[in-house]
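**Q** Okay, sequence plus prediction incoming.
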Amino acid sequence: MGPQGETGAAGTQGTPGTQGEPGVPGAQGANGAQGAAGPQGEAGATGPQGEIGTAGAQGATGAQGAQGDNGAQGEAGTPGAQGATGAQGAQGDPGAIGAQGAQGGTGAQGVAGPQGEAGTPGTQGATGATGAQGAQGATGAQGPSGVQQITDAFTEGDLGPGQTLSLVAVCDPGQKAISGGYLAGIGAQSPDIFATKSYLSQSGQTTVSNSWTVEFHNTSTTDTYDNIVQVYCVPV
């Protein structure tokens, strides 16, 4: 074959033929490269208000601002209830001594205080001078006869173990007692029996002491003792 000849001049456009039936769509071509951004379009109309979103987390506390000017004084409030009494404060220093006041009137007599203790006995004074002898006194009435008028009376009683017994020896009518005595535990001489009291007494309808009373006690737990009381009497 020979070499290709030069291309001839283009012929006139022929009359378009009738539209053929659409061919079968070809396969999707690969996406082209991103085109350059177009100019900014005008702002669209404001859309409706959206719903309030969830509150965000609390932000950090800001630094304290400068103190503002004092506000006008408000009206006095209603007094509050009485507060509890506070603890007692420390005692203050003693005040200066005041000037002496005028003397008061004499007060009423106070109640007598208790009797004080007896003082120490003083030293014995010097013996005074002997006084003049007094006049002779009148002779007294004749007294009763001495020993020949004294009589005695007895009483006797047994005292059981652990018991106490009171025995009374009584003078005859018309007589009075001048003394007395006793004998505890006749013939035994035991420390178990002893007298707790021994004294002049009155027995029956009389105005004079006409008897002698002795109280005995027996500390023994097994023995019984015989006891005697004696009274000495003279005519009234």
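**A** Right, received. Where do you want to start?
**Q** what's Val168 in contact with, if anything?
**A** Each residue near Val168 by Cβ atoms under 8 Å, 6 or more residues apart in numbering is listed here: 155, 201, 203, 211-213, 229. C-betas here are computed from N, CA, C, even on glycine.
**Q** Which of these scores worst on pLDDT?
**A** Within the set of these, pLDDT is lowest for Ser203 (93).
**Q** wait, is that residue part of a strand?
**A** No: Ser203 is assigned coil when assessed by DSSP: H, G, I helix; E, B strand; the rest coil, not a strand.
**Q** isn't it right up against Ser209?
**A** No: counting by Cβ atoms under 8 Å, Ser203 stays clear of Ser209, with 9.0 Å between them.
**Q** Name the member of the contacts of Val168 with the most neighbours.
**A** With neighbours taken as other Cβ atoms under 10 Å, the top of these is Trp212, carrying 29 neighbours.
**Q** What separation do you get for that one and Glu42?
**A** Using Cβ to Cβ, to the nearest Å, we find Trp212 at a distance of 157 Å from Glu42.
**Q** Then Thr123?
**A** 144 Å.
**Q** which residue ranges form the strands in this structure?
**A** 151-159, 164-170, 175-183, 193-201, 211-218, 225-235 (DSSP state E).
**Q** Comparing those strands, which comes out most buried?
**A** Mean neighbours per residue, mean count of other Cβ atoms under 10 Å, is largest over these for strand 211-218, with a mean of 22.
**Q** Direction included, what does that strand pair against?
**A** strand 164-170 (antiparallel), strand 193-201 (antiparallel) (DSSP bridges).
**Q** relative orientation of that strand and strand 175-183 in degrees?
**A** 20 degrees (axes from the mean of the first three to the mean of the last three Cα atoms, to 10 degrees).
**Q** got the contact list for strand 211-218?
**A** By Cβ under 8 Å, 6+ apart, the surrounding residues in contact with strand 211-218 are 159-171, 177, 179-182, 184, 192-203, 224-225, 227, 229-232.
**Q** swap in stretch 189-206?
**A** Residues outside stretch 189-206 that contact it (Cβ under 8 Å, 6+ apart): 159, 164, 168, 170, 177, 179-182, 184-185, 208-220, 223, 225, 227.
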